[in-house]
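**Q** Prediction below, plus the sequence it came from.
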Amino acid sequence: MPEMLASYIAGAWYTAPDEGTVVNDAATGEPVARVSSTGLDTQALVDHARSVGGPALRGMTFQARGAALKALATYLDANKVAYHELSLATGATRRDGAGDIDGGIGTLFAYSSRAKRELPDGYVLVDGDVESLGKEGTFAGRHVYTSLPGVVLQINAFNFPVWGMLEKLAPTVLAGVPTIVKPAGQTAYLTALVVRDIIASGALPEGALQLVCGGVGDLLDRLGGEDMIAFTGSASTAATLRGDDAVTARAARFNAETDSLNCSILGPDAVAGTQEFDLFVKEVGREITTKAGQRCTCIRRALVPEPAVDDVLSGLRGRLDRVVVGNPRSESVTMGSLVSLRQRDEVRDAVNALARAADVVYGDPMSVAPVDADPQRGAFMAPVVLLCDDVDRAEPHEVEAFGPVTTIIPYSEARDVGQIAARGGGSLVGSIVSYDPDFVRDVVLDAAPYHGRLLVLDRDCAGESTGHGSAIPQMVHGGPGRAGGGEELGGMRAVRHYMQRTGLQGSPAVIAALTGDS
Ligand code: NAP
């Protein structure tokens, strides 16, 4: 039997006494680890965060917290070879692993350097100027942000076991709030390896980070108004958590990043032969094969002018024909597997649901011949493209196939395309690939309220573009409606997200004294 993953709680490693659930290598089917949190003392977890981790972090200035992040990033960077090796077991290629591992460490570096430049050597952040509140000038007010005295419970999805933890940890450390991380069971072994190193690094004070491998048990019963639940995963789990008494009765803060039917829009000007056409085809092809399409930002809907559909399809065929699916340990492989056989079944079911409204025009969702792997034991799937001619069908705007799958949706009128994009009900990201400023402006105005991030991709920015699907520290990650209504990253605003905003009123001298080092 593989080893049981330990949780880290109140300064010690805890191993559940039962057999737990066996987690298998996504590509080979070999057992990797067992996961269970049976017997975990959730009160001790929360108490330790509140009484040890929180005070230690709050006792450090923003500058000291930023320096701690840098030390942590440097330590993890020096130890990352082991993370990359283990990441292969999740089905990710080395390139996919870089997005997760180096992307996560890079986010720590990015927040540490911004903290150095932008945050004070104090404990309070001010928001806006001093407001004069009386005619005589003796009474004033200013908004301040202070650290939450509670804990941030991260509940994360399986697809980014490293980045998913670190992109939340960076701003919470700067905010002075301790974290409990609960990774998805399927890839918890990789998160657990990194957490072991975080603890060993000594970069963060004891109690700043604890780990739960397995279910959360009654942990939510212990959370209230000074705490936050930072969730990433499916919309249905988000709905369950949002309805928990911790949120509805005790007002624990809740942030959700959920599934999203992201679109990419090809402009009518971008006909075959233009640079924008090539950029669009490349971007769609890359999105559905990166991490085998298991990115929450992946392009699920490709909105294409009717006359361009055949050209787009043949461009995609050309790209996807070169994709080599297989064991990510094999040099020739360019697309790995889905995370588990169960996940592959779910994606196949979703393709079946989409196929009620669309035709599969590329790839066979039920069959693939993976390189250096057994298709029965590994969770492999071919890239799949569907074409939905009926713009009135709901499925492409509602069904998320969380795998290497996209649907081409032709549109006839340029003025409608922003509204078609909005039918996703709120998305993390959309892209507009066009060199026509009028078209771009109209679509941005229609589509922006439904998106957390919009990329306008053209020949001028393509060379430096970070791409449709990459969430980066500087820009918002999150989206309205179906995407969960939450917000992460987006520069230093993410730090304030984990703090309390208070309108501080008093004499100008008192206000100045209290905010002087901010
Ligand atoms: P999921 O089933 O919702 O699981 C997400 C996390 O929630 C896991 O850690 C899971 O733990 C935990 N969980 C499930 N039920 C829970 C409950 N009742 N109480 C507390 N925790 C609970 O999602 P998934 O299938 O792992 O992830 C895929 C989905 O996430 C996709 O739909 C994708 O679009 C979305 N996603 C969104 C983003 C984003 O940033 N917006 C990023 C990645 C993925 P266990 O694993 O132990 O069950």
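**A** That came through, no problem.

**Q** Next, count neighbours for the closest residue to Arg415 other than its chain neighbours.
**A** Distances taken as CB to CB, 6 or more residues apart in numbering place Asp442 nearest to Arg415, at 6.9 Å, with adjacent residues excluded. The way it works is simple: take the backbone N, C-alpha and C, and place the C-beta from them, glycine included. For Asp442, the neighbour count with other CB atoms under 10 Å is 16.

**Q** Within range of the ligand, give me the residues from the chain.
**A** Residues of the chain lying close to the ligand (CB under 6 Å from any ligand atom) are 155-159, 182, 184-186, 215-216, 232-234, 237, 240-241, 257-259, 296, 400, 402, 428.

**Q** what's the closest non-adjacent residue to Ala462?
**A** Nearest residue to Ala462, sequence neighbours excluded (CB to CB, 6+ apart): Leu279, at 5.4 Å.

**Q** now swap in Gly103 and tell me
**A** Leaving aside its chain neighbours, Gly103 sits nearest to Trp163 (4.7 Å; criterion: CB to CB, 6+ apart).

**Q** Equivalent analysis for Tyr450, please.
**A** The shortest distance from Tyr450 to any non-neighbouring residue, by CB to CB, 6+ apart, is to Ala422 (4.4 Å).

**Q** What's the separation between the one you found and His451?
**A** Distance check for Ala422 against His451: by CB to CB, to the nearest Å, it reads 9 Å.

**Q** Tell me who's in contact with Tyr189.
**A** Going by CB atoms under 8 Å, 6 or more residues apart in numbering, Tyr189 touches Leu5, Val23, Val32, Ala33, Leu86, Ala89.

**Q** who touches the third one in this structure?
**A** Each residue near Val32 by CB under 8 Å, 6+ apart is listed here: Pro2, Val23, Asn24, Asp25, Ala89, Tyr189.

**Q** count of residues packed around the residue of the stretch 201-350 of the chain found nearest the ligand?
**A** The minimum distance from the stretch 201-350 of the chain to the ligand, using CB to the nearest ligand atom, falls at Gly233 (2.5 Å). Residues lying near Gly233 (other CB under 10 Å) number 21.

**Q** repeat for the one 3 residues further on
**A** Other residues within reach of Ser236 by the criterion other CB under 10 Å amount to 10.

**Q** Next up, the contacts around Arg356.
**A** Contacts of Arg356 by CB under 8 Å, 6+ apart are Glu395.

**Q** Tell me where the model's unsure across the chain.
**A** Scanning the chain with the threshold set as pLDDT under 70 gives 517-518.

**Q** buried ones in the lengthiest helix in it?
**A** Assignment by DSSP state H gives helix 94-118 as the longest helix of the chain. For helix 94-118, burial by neighbour count (16 or more other CB atoms under 10 Å) applies to 94, 96-97, 99-112, 114-115.

**Q** Any idea what the residue lying closest to Gly176 once chain neighbours are set aside is bridged to?
**A** Of all residues not flanking Gly176 in the chain, Ser147 sits nearest, at 3.4 Å (CB to CB, 6+ apart). Residues in a beta bridge with Ser147, per DSSP bridges, are Met499.

**Q** From here on, call the first residue 30.
**A** Got it, the first residue is 30 from now on, which makes the last one we talked about Ser176.

**Q** Tell me how many other residues crowd Ser176.
**A** Neighbourhood size, Ser176 [other CB under 10 Å]: 25.

**Q** so who does it touch?
**A** Gly83, Leu86, Arg87, Tyr152, Ala204, Gly205, Val206, Tyr527, Met528, Gln529.

**Q** partners of the single nearest residue of the stretch 30-179 of the chain relative to the ligand in the sheet?
**A** Residue nearest to the ligand within the stretch 30-179 of the chain: Val64 (7.3 Å; CB to the nearest ligand atom). Judged by DSSP bridges, the bridge partners of Val64 are Thr50.

**Q** right, and it touches Ala221 too?
**A** No - in this structure, Val64 is not within contact of Ala221 by CB atoms under 8 Å, at 9.1 Å.

**Q** tell me, what's touching those two both at once?
**A** In contact with both Val64 and Ala221: Leu34, Cys242, using CB under 8 Å, 6+ apart.

**Q** Tell me which stretches of the stretch 330-479 of the chain form strands.
**A** Here the stretch 330-479 of the chain has its strands, by DSSP state E, counting those that start in this stretch, at 330-334, 388-391, 413-416, 434-440, 456-462.

**Q** Filter the contacts of Tyr218 down to the ones in strands?
**A** Using DSSP state E, the members of those that fall in strands are Val52, Val61, Ala62.

**Q** between those residues, which is closest to Ala423?
**A** Taking CB to CB as the measure, Ala423 sits nearest to Val52 out of those, at 35.0 Å.

**Q** how many neighbours does the closest one have?
**A** For Val52, the neighbour count with other CB under 10 Å is 24.

**Q** same check, this time on Gly496
**A** As a burial measure, Gly496 scores 17 neighbours (other CB under 10 Å).

**Q** repeat for Asp158
**A** Applying other CB under 10 Å, we find 9 residues neighbouring Asp158.

**Q** Check Trp42 too.
**A** Applying other CB under 10 Å, we find 13 residues neighbouring Trp42.

**Q** Please state the offset of the host helix or strand of it from the chain centre?
**A** Counting by DSSP states H and E, the element that carries Trp42 is strand 41-43. Relative to its chain's centre, strand 41-43 lies at 28 Å (CA atoms, centre = their mean, to the nearest Å).

**Q** so what secondary structure elements neighbour it?
**A** strand 36-38 (3 or more CB pairs under 8 Å, 6 or more residues apart in numbering; DSSP states H and E).

**Q** quick one: contacts for Thr44?
**A** For Thr44, the contact set (CB under 8 Å, 6+ apart) comprises Met33, Ala35, Ser36.

**Q** and the residues you listed as TSV, adding neighbour count?
**A** Output for the contacts of Thr44, formatted as TSV (neighbours: other CB atoms under 10 Å):
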residue	neighbour count
Met33	19
Ala35	16
Ser36	28
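
**Q** those helices in the stretch 380-529 of the chain, which residues are they?
**A** Listed in chain order, the helices found in the stretch 380-529 of the chain under DSSP state H, counting those that start in this stretch are 424-427, 446-451, 466-476, 522-526.

**Q** Need the ones you listed in a markdown table (columns: distance to Leu233).
**A** Below are the helices of the stretch 380-529 of the chain laid out as a markdown table (distance: least, CB to CB, whole Å):
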| stretch | distance to Leu233 |
| --- | --- |
| helix 424-427 | 41 |
| helix 446-451 | 41 |
| helix 466-476 | 40 |
| helix 522-526 | 16 |
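
**Q** Among those, which comes closest to Val159?
**A** Closest among the helices of the stretch 380-529 of the chain, using CB to CB: helix 522-526, at 18.4 Å.

**Q** what comes into contact with the closest one?
**A** Outside of helix 522-526, the residues within contact range by CB under 8 Å, 6+ apart are Tyr140, Leu148, Leu154, Asp156, Tyr174, Ala199, Pro200, Leu203, Ala204, Asn284, Glu516, Glu517.

**Q** Many thanks, I have nothing further to ask.
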